[in-house]
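S.K.: whatever this is, show me its structure:
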Amino acid sequence: MKRSAINRCIAEASAFFAENRFLLPPYADWTPEEWQQHGSEADEIRTNRLGWDVTDFNSGRFESIGLTLFTLRNGSLADGKASKIYAEKIMFVRQDQVTPFHYHVRKTEDIINRGGRGTGRLVVQLYNSAGDGEFAQSPISVTCDGIRRQVEPGGTVVLGPGESITLTPYLYHAFYAIDGHGLIGEVSSVNDDATDNYFKEPLPRYPEIVEDEPPFRVLCNEYRMT
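M.R.: Reported below is the predicted structural model:
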C-alpha cells in the first residue's frame, strides 16, 4: 500500500469513530515526532502492538480486500504468561470490503456490531477447518449473544447493530459490511497477529508500504522499542 493511502485510511477511520462517538485513547493522535518523545513508559503499547493497523493483506485492492482497525488493549504471550489475558479492538469495516478467510489456533473472540453508518450490518461467513488447512464440509455450531445456532458449511450469519458472534479456534471466518460501513468491535483472549493468523490463501497480515509521503501516524507494527 502507498503511505498516502494509509494516511487517508487512518484519517477517515478517526472521523468515522468520532462520528459514532467511539473515543480512542490519546496516543491514537500521536504523530511520529511525538512518539520519539515517549520512552519506556509506553513500551506496553509497543510490545503488544496497540494502536493503528491498516492492511490490504498485500492484495493491492484495499477497497475490496482490507481492514482498518485500532487495538485498544492486549496482552503478550512472549514470556509464556500474559500480563493481560484479554484484548479489544475497534474496526472500521467499509461496505463490501472483505477480511479474507482465516482462523486462529489460540484465540477465541467475540465480533460485535457496535453500529455504524446506515444500517451497517456485518456478514460473517463460516467453515470449520478440516485440519489440513482446507474447509471442512461439516455443519458449524456457533453462539450468537448466548444463543446456539447451526450454520451450514459456507453459510453466513448477519449481525445487526448490537449483535455479536463468538468465534472459537479452528473456525474459518471471513466478514464484510453491507448496507453501510460497520463499526465493529472485537473482544478476545490475547491477540497475536504475528503467529496466530492462519489464512486460507497465503496472505501476509501486514502490507508492504510504498513511502510516497511522510507517515501521518505510526502503525502498530512500526514501533521502535526504547
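S.K.: now the longest helix that the chain contains: buried residues?
M.R.: Once the chain is assigned using DSSP state H, the helix that runs over the most residues is helix 3-19. Across helix 3-19, burial judged by 16 or more other C-beta atoms under 10 Å covers 3, 5, 6, 7, 9, 10, 13, 14, 16, 17. Any C-beta I mention is one placed from the backbone N, CA and C, and that applies to glycine too.
S.K.: nearest to residue 33 among those residues?
M.R.: residue 7 (14.9 Å; C-beta to C-beta).
S.K.: what's near enough to touch the closest residue to that closest one other than its chain neighbours?
M.R.: Leaving aside its chain neighbours, residue 7 sits nearest to residue 216 (3.8 Å; criterion: C-beta to C-beta, 6 or more residues apart in numbering). Contact analysis of residue 216 by C-beta atoms under 8 Å, 6 or more residues apart in numbering lists 6, 7, 10, 11, 31.
S.K.: Throw the residues you listed into CSV and include pLDDT, thanks.
M.R.: Compiled in CSV, the contacts of residue 216 are given as follows (pLDDT from 0 to 100):
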residue, pLDDT
6, 97
7, 98
10, 98
11, 98
31, 96
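S.K.: hang on, the earlier thing: shouldn't the residue nearest to residue 7 be within a strand?
M.R.: No - the assignment for residue 216, made by DSSP: H, G, I helix; E, B strand; the rest coil, is coil rather than a strand.
S.K.: which secondary structure elements does the longest helix of the chain contact?
M.R.: Contact partners of helix 3-19 among helices and strands, from 3 or more C-beta pairs under 8 Å, 6 or more residues apart in numbering; DSSP states H and E: strand 51-55, strand 67-73, strand 87-93.
S.K.: I'd like the distance between the residue sitting furthest away from the middle of the chain and residue 219.
M.R.: Here the chain reaches farthest from its C-alpha mean at residue 37, the gap being 27.7 Å by C-alpha atoms, centre = their mean. In this view, residue 37 and residue 219 are 18 Å apart by C-beta to C-beta, to the nearest Å.
S.K.: kindly report the same for residue 17.
M.R.: 17 Å.
S.K.: try residue 28
M.R.: 12 Å.
S.K.: could you name every residue contacting both of the two?
M.R.: 51, 52.
S.K.: still on that earlier bit, list just the nearest of the contacts of residue 216 to residue 209.
M.R.: Closest to residue 209, out of all of the contacts of residue 216 and judged by C-beta to C-beta, is residue 6, at 6.8 Å.
S.K.: check contacts around the residue positioned nearest the centre of the chain.
M.R.: With the centre of the chain defined as its mean C-alpha position, the nearest residue by C-alpha atoms, centre = their mean is residue 69, 5.4 Å away. By C-beta under 8 Å, 6+ apart, the residues touching residue 69 are 52, 53, 54, 89, 90, 91, 92, 186.
S.K.: name the nearest residue to it, sequence neighbours excluded.
M.R.: Nearest to residue 69 is residue 91, by C-beta to C-beta, 6+ apart, at 4.2 Å.
S.K.: what about the one you found, how many neighbours?
M.R.: By other C-beta atoms under 10 Å, 24 other residues sit near residue 91.
S.K.: now residue 188
M.R.: If we define neighbours as other C-beta under 10 Å, then residue 188 has 19 of them.
S.K.: and for residue 156?
M.R.: 15.
S.K.: ok, it - contacts?
M.R.: Residue 156 touches 123, 124, 125, 126, counting by C-beta under 8 Å, 6+ apart.
S.K.: sorry, back to before: so for residue 209, which of the helices and strands packed on helix 3-19 sits nearest?
M.R.: Among these, if distance is taken as C-beta to C-beta, the winner is strand 51-55, at 9.5 Å.
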